[in-house]
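Chemist: Take a look and give me a structure for this.
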Amino acid sequence: MGLVVQKYGGSSVADAEGIKRVAKRIVEAKKNGHQVVVVVSAMGDTTDELIELAEQVSPMPAGREFDMLLTAGERISMALLAMAIKSLGHQAQSFTGSQAGVITDSVHNKARIIDVTPGRIRTSIDEGNIAIVAGFQGVSQEGKNITTLGRGGSDTTAVALAAALDAEVCEIYTDVDGVFTADPRVVKKAKKIDWISFEDMLELAASGSKVLLHRCVEYARRYNIPIHVRSSFSGLRGTWVSNEPRGDQQVEHAIISGVAHDVSEAKITVVGVPDKPGEAAAIFRTIADAEVNIDMVVQNVSAASTGLTDISFTLPKAEGRKAIDALERSKPTIGFESLRYDDQIAKISLVGAGMKTNPGVTAGFFEALSDAGVNIELISTSEIRISVVTRADDVNNAVRAVHSAFGLDSDSDEAVVYGGTGR
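Modeler: Presented below is the predicted three-dimensional model:
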């Protein structure tokens, strides 16, 4: 029996009853002979409530103080969970991210983990304690300021600790029974996947699947940490994410792993760009300097009469204003005519490693969208993924149509989302 890292999301610890239910599951793992380290998120919607409170006080809260505020949610959860475990007769110690040795860069609100030095955690579990760590947070290497890791930060904390402690597995507990072939809130007949490779899971995560975030999966792949995605509301076996199936996970790798969608992106079109070397580079250097991440990029064919072209790209809605402002400041240098902004879009992606050896997948994907009356605005492909941008109003019908077209619908009971959020 080795060391296990367990992570519990906000829906799992949303109230006192949830915390007590989670404490019983943790104690059970301890009784089974495991050393247990737990990473916990803030209770329910606590983080969102703190963000709203900050915005009421200041329209643009300073990054350092904003991080100090947001980390309060996880500190509440970790302390309450430690209390619940102690009431069951077992010893537990709670640790903030900095106390747990999570070292990050100095970027507030979306810091990246540089190193994990879990000396205090190792000492605690060697003394027989269950260690409870606040997820989503760390301390900057320079300045020793409190930082937060951004969206999915608690998942990343859990995998990083699992790698640093050489854990057997990182168990991610959520409010669904595993990774499904589509969002079970949208596709009621979505199938639970028993095993999925890191490669396919990375593509699903990058394409909008919310059960695991991209940074978490990338970290697990880099350090070869198996992830077991399970529900904290049931005792069912979940989905294993790893390099190769292990033991009784010997399953045939499906042609299509799943259909993901994302409604959190917007589209910017830079109109009237001079079609000459260096113009695209100038546009995307401007975006990079504004610290904005982009996703899909399409450049139109240049108009022969004008020598001008249009360049469109997608980015997170939350960073749309920042990107527009940066481009407007650079307009005299770049020389484009205008900008168009559209935040009523959605991205739909078909993912599967088997796609690269099976002709007809691309045709089937576009036929399914056509039959559903869905118009396509942008297209992006890789060896194991096809993504398109459509109108946001069409996304649910599009996902269901593609899911059915590739035979992914389950014949059994409908998928259950216990907590209502799918995370």
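Chemist: Go ahead and confirm residue 307 touches residue 272.
Modeler: No: assessed by CB atoms under 8 Å, residue 307 is found out of contact with residue 272, at 10.0 Å. In this view, the C-beta of every residue, glycine as well, is placed from N, C-alpha and C.
Chemist: more crowded one of these two?
Modeler: Using other CB atoms under 10 Å, the more surrounded residue of residue 307 and residue 272 is residue 272, with 15 against 11.
Chemist: So that one sits against residue 340, correct?
Modeler: No: the pair residue 272 / residue 340 is not scored as a contact, 10.8 Å apart, by CB under 8 Å.
Chemist: Was I right to think residue 130 contacts residue 90?
Modeler: Yes: judged on CB under 8 Å, residue 130 makes contact with residue 90 at a distance of 6.1 Å.
Chemist: Same drill for those two, tell me which one is more crowded.
Modeler: The neighbour count for residue 130 versus residue 90, taken as other CB under 10 Å, is higher for residue 130 (26 against 18).
Chemist: Just want the phi and psi numbers for the more buried one.
Modeler: When read as degrees, to the nearest 10, the backbone of residue 130 gives phi -90, psi 120.
Chemist: Quick check: the gap between it and residue 102.
Modeler: 18 Å (CB to CB, to the nearest Å).
Chemist: tell me the helices in the protein, going along the chain?
Modeler: 16-31, 46-57, 63-87, 119-126, 153-164, 198-206, 214-223, 279-289, 320-334, 361-371, 395-405 (DSSP state H).
Chemist: So which of the ones you listed is nearest residue 143?
Modeler: helix 63-87 (9.0 Å; CB to CB).
Chemist: Can you work out which other helices and strands pack against the closest one?
Modeler: The criterion is 3 or more CB pairs under 8 Å, 6 or more residues apart in numbering; DSSP states H and E, and the helices and strands that helix 63-87 contacts are helix 16-31, strand 35-40, helix 46-57, strand 92-95, strand 130-134, strand 137-140, strand 146-148.
Chemist: mind redoing it with 6 Å?
Modeler: Under the contact criterion of 3 or more CB pairs under 6 Å, 6 or more residues apart in numbering; DSSP states H and E, helix 63-87 touches helix 16-31, strand 35-40, helix 46-57, strand 92-95, strand 130-134, strand 146-148.
Chemist: Deepest-packed of the helices of the chain, please.
Modeler: Across the helices of the chain, averaging neighbours per residue (mean count of other CB atoms under 10 Å) puts helix 153-164 on top, at a mean of 28.
Chemist: Let me have it in PDB, keeping just the CA atoms, if that works.
Modeler: As requested, the backbone C-alpha atoms of helix 153-164 are provided in PDB (Å, rounded to 0.1, in the frame of the first residue of the first chain):
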ATOM      1  CA  GLY A 153      -5.300  25.200 -10.200                       C
ATOM      2  CA  SER A 154      -6.300  22.600  -7.500                       C
ATOM      3  CA  ASP A 155      -6.100  19.800 -10.100                       C
ATOM      4  CA  THR A 156      -2.600  21.000 -11.000                       C
ATOM      5  CA  THR A 157      -1.600  21.300  -7.300                       C
ATOM      6  CA  ALA A 158      -2.700  17.600  -6.800                       C
ATOM      7  CA  VAL A 159      -0.700  16.300  -9.700                       C
ATOM      8  CA  ALA A 160       2.400  18.300  -8.800                       C
ATOM      9  CA  LEU A 161       2.300  17.000  -5.200                       C
ATOM     10  CA  ALA A 162       1.800  13.400  -6.500                       C
ATOM     11  CA  ALA A 163       4.900  13.800  -8.700                       C
ATOM     12  CA  ALA A 164       7.000  15.300  -5.900                       C
END
